[in-house]
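Peer 1: predicted structure and sequence below. I'll ask about it afterward.
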Amino acid sequence: MAHGFVIRFVVSVTSAGSPFSHRTLAAGLLLLVSARGTALAEGPSPPAPRGAVTIEQAIAAAMRRNPELAATRVDVGVRAARAVQAGLRPNPTLGFEAEDVAGSDRRAGWEAGQTTLSVSQALELGGKRQKRRRTANLERDVASWDIVVRLRALVSEVRKAFAATLIAQDRLTLSEKLIRIAEDSVRSVGVTVDAGAVSPVERLRAEVNLSRARASRLAARRELENARSILAATWGEPSPLFERAAGALSPAVRPAPLETLLPNIGKIPDLARADAEIEQRRAALSLEQSRRIPDLSLVAGGRHYAEDGGGALVFGFSLPLPLFDRNQGNILAAAREVAQARLAHDAVAVTVEARARQAYVAVEAAAEQASIFRDETIPRAERAYAGAKDGYARGLFRYLEVLDAQRTLFELRAEYLTALATYYDASAELSRWVEHSDTSPERAHGDRHD
């Protein structure tokens, strides 16, 4: 009979502070791992995304193809197989004995010998089999929570990488726009210089500005290639084959108040996994305690007497005397592992809340900074640049004033993208710790063997 394990993972990324709050993203996955642990390891992987990739497609591809996630799935299958093994009873033992043979005088041969054929069966006392099976089932549950934790972390990684790719695409677009403006300036200034209206130095300044813009474009291209590689790596693709990330950068918005988000920390799978590990360690302690009780072995068989051809039944039992080894060391170690698991749970709780608070501060600061750039600084710089160009066309300003206004405007736009990048990265991190989602492992029918 096949025994499976189902893990359901559904994430909704519409919480406050999400970088993709302008849409509803729901990514689901049903994972079925056989007791042999090979169901998801066999067969070819689905094809990697091509062309324009949306955030939904990126998350789905990562869930299907991420190699680390696949290895975690197989581990659940390994634990499930061990749980099956842990629930099995000890095998009976077939025994054979020959007595009073190959001796002296009338016992020199087999004529006076006795032969006994017996079957012995160990009886596990103290509920060892049930406790062993429960411990193995809980180990499998811990492994299943590892999948949920990894899935949630993977979604956060994809969000960050996707947002970084969008940012890099916009940086490249900005640099190309700056090159077009710089090329137009070189032509415009050249005409003015040729007419003798301004010094030839102005042409040199325009050409230097063009060279600088081209260098910025090279840097933007490298940044984009790096971002694409990081995104493709989330679905196990070493070299990106998709063309671009499809989507628009939504405005940065302030997150909901922190006190409304912190209660969700208790619902994240990282803490559920820590709880499951405590339960597993307790079960392991109970199992070690049960091993203080020795197991009883019963023997039954038949004996044949060669001298007269007669026979008789043989019965017996054996029971170890726990005088020296009462499993003290293993019990003590298991008790300390329970305490260790409790401390690890507390450490996870502290770490998660600290990371959530750090991410919240980063989101709040980046959102405020991006808003200032978008609503105040950049509009003023645009007006200053337009005024400088108009004044230069009328002969009121030198080209140096136009160049300075242009440089200021594009530097501010680049800083705005940097603020957005920080905002999206911190938002994905915050969502990982405080975003409520339906993430729970559910055992398939026939999975347990109680």
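Peer 2: Thanks, I have the structure now.
Peer 1: for residue 97, grab phi and psi.
Peer 2: Backbone dihedrals for residue 97, given as degrees, to the nearest 10, come out at phi -130, psi 140.
Peer 1: and if you look at residue 301?
Peer 2: The phi/psi pair for residue 301 (degrees, to the nearest 10) is phi -170, psi -170.
Peer 1: right, and it touches residue 115 too?
Peer 2: No - with contacts counted by C-beta atoms under 8 Å, residue 301 stays clear of residue 115, the gap being 10.1 Å. Bear in mind the C-beta positions are built from the backbone N, C-alpha and C, glycine included.
Peer 1: tell me the buried residues in stretch 354-371?
Peer 2: By 16 or more other C-beta atoms under 10 Å, the buried positions in stretch 354-371 come out as 355-357, 359-360, 362-364, 366-367, 369-371.
Peer 1: list the contacts of the residue most central in space within the chain.
Peer 2: Per C-alpha atoms, centre = their mean, the C-alpha nearest to the average position across the chain is that of residue 150, at 2.3 Å. By C-beta atoms under 8 Å, 6 or more residues apart in numbering, the contact list for residue 150 reads 68, 69, 72.
Peer 1: gap between the second one and residue 432?
Peer 2: Note on residue 69: its distance to residue 432, by C-beta to C-beta, to the nearest Å, is 15 Å.
Peer 1: same question, the first one
Peer 2: In this structure, residue 68 and residue 432 are 16 Å apart, going by C-beta to C-beta.
Peer 1: of those two, which one has the most company?
Peer 2: Comparing residue 68 with residue 432 by neighbour count (other C-beta atoms under 10 Å), the higher total belongs to residue 432, at 25 against 12.
Peer 1: could you grab the helix/strand/coil label for the more buried one?
Peer 2: Each residue gets one of three states, and residue 432 gets helix by DSSP: H, G, I helix; E, B strand; the rest coil.
Peer 1: same question, residue 96
Peer 2: With three-state DSSP as the criterion, residue 96 reads strand.
Peer 1: that one contacts residue 116, correct?
Peer 2: Yes - contact criterion C-beta under 8 Å: residue 96 and residue 116 qualify, at 7.1 Å.
Peer 1: looking at the two, which is more packed in?
Peer 2: Applying other C-beta under 10 Å to residue 96 and residue 116 shows that residue 116 carries more neighbours, namely 18 against 9.
Peer 1: just say helix, strand or coil for the more buried one.
Peer 2: Three-state assignment for residue 116 (three-state DSSP): strand.
Peer 1: got the contact list for it?
Peer 2: Neighbouring residues of residue 116 by C-beta under 8 Å, 6+ apart: 95, 96, 97, 98, 99, 301, 302, 303, 304, 314.
Peer 1: show me what contacts the fifth one?
Peer 2: The contact partners of residue 99, by C-beta under 8 Å, 6+ apart, come to 113, 114, 115, 116.
Peer 1: what is the burial count for the third one?
Peer 2: To tie it back to what came earlier, the one meant is residue 115. By other C-beta under 10 Å, 17 other residues sit near residue 115.
Peer 1: out of the contacts of residue 150, which comes closest to residue 288?
Peer 2: Minimum distance to residue 288 across the contacts of residue 150 is 27.5 Å, recorded for residue 72 (C-beta to C-beta).
Peer 1: got any ranges where the stretch 51-200 of the chain has weak pLDDT?
Peer 2: Scanning the stretch 51-200 of the chain for pLDDT under 70 picks out 103-110, 112, 198.
Peer 1: break down it into its helices, ranges please.
Peer 2: With helices called from DSSP state H, counting those that start in this stretch, the stretch 51-200 of the chain shows them at 55-65, 67-86, 128-194.
Peer 1: as CSV, those helices with distance to residue 293 would be great.
Peer 2: Shown next, in CSV, are the helices of the stretch 51-200 of the chain (distance: least, C-beta to C-beta, whole Å):
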stretch, distance to residue 293
helix 55-65, 46
helix 67-86, 18
helix 128-194, 8
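Peer 1: of all those helices, which one is nearest residue 204?
Peer 2: Short answer: helix 128-194, nearest of the helices of the stretch 51-200 of the chain by C-beta to C-beta, at 9.4 Å.
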